[in-house]
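J.: Sequence and computational prediction follow.
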Amino acid sequence: MPSFDAGEAPRRSTSSLDVRLDFSNQPIASTLGILIFVFWLGLADSVQRIIRRIRDSYPLLWDELGMPESLTFSWLLGPAIFTFLLVGRPEIARWLVAGQYRELGDAELTRYVGRLKFFFSIFTATVVTSVLYAGFHLIFD
């Protein structure tokens, strides 16, 4: 039976399993995960409001943009939000990026688009921070 001297510090193993089982940084990773989820919800809500506003207030524009179907909130929780904007309805993405929504003079629509841009910026920064944080700990721990 191995003896343990109370004055002697336990040896640190160099096994790769130690890195995987080290949960000392769990609060930071959990916080980043929660932030990503919250910002994702903000993105989904903003897209939903923009689509609803265009559909209800501007039927001709709605037809011109390809009549995107009414979206359920749960459908937007997956990667489909980016697929919808960039692949499924690139007309809407181009319309938003080009700033053509400003020509309508609709303060509410402009506010929703500003909110979408804000959430997209913060979401992207949080994801990049998470990846850098994880990479830093994989390299230096």
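T.: Looks like it came in fine.
J.: Now do the buried residues in the top helix by length along the chain.
T.: Under DSSP state H, the helix in the chain containing the largest number of residues is helix 107-140. Neighbour counts over helix 107-140 (16 or more other CB atoms under 10 Å) mark 109, 112-113, 115-116, 119-120, 122-123, 126, 130 as buried. All C-beta atoms are positioned from the backbone trio N, CA, C, and that covers glycine.
J.: low-scoring stretches of the chain, by residue?
T.: 1-25, 67-89, 141 (pLDDT under 70).
J.: can we see that at 50?
T.: 17-19, 21, 73-74 (pLDDT under 50).
J.: can you pull out the helices in it?
T.: 16-21, 26-57, 59-64, 80-83, 90-97, 107-140.
J.: before we move on, back to that, including distance to residue 103, could the buried residues of helix 107-140 go into a markdown table?
T.: Below are the buried residues of helix 107-140 laid out as a markdown table (distance: CB to CB, whole Å):
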| residue | distance to residue 103 |
| --- | --- |
| 109 | 11 |
| 112 | 15 |
| 113 | 12 |
| 115 | 19 |
| 116 | 17 |
| 119 | 23 |
| 120 | 21 |
| 122 | 27 |
| 123 | 27 |
| 126 | 32 |
| 130 | 37 |
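J.: Most widely separated two among these?
T.: 109 and 130 (31.4 Å; CB to CB).
J.: residues in contact with the closest residue to residue 92 other than its chain neighbours?
T.: Spatial nearest neighbour of residue 92, excluding adjacent residues (CB to CB, 6 or more residues apart in numbering): residue 65 at 5.4 Å. By CB atoms under 8 Å, 6 or more residues apart in numbering, the contact set of residue 65 is 54, 89, 91-92, 95.
J.: most surrounded residue in these?
T.: residue 54 (23 neighbours; other CB atoms under 10 Å).
J.: for that residue, what are its contacts?
T.: Per CB under 8 Å, 6+ apart, neighbours of residue 54: 61-62, 65, 109.
J.: Without its sequence neighbours, what residue ends up closest to residue 57?
T.: Using CB to CB, 6+ apart, the nearest residue to residue 57 is residue 106, at 6.9 Å.
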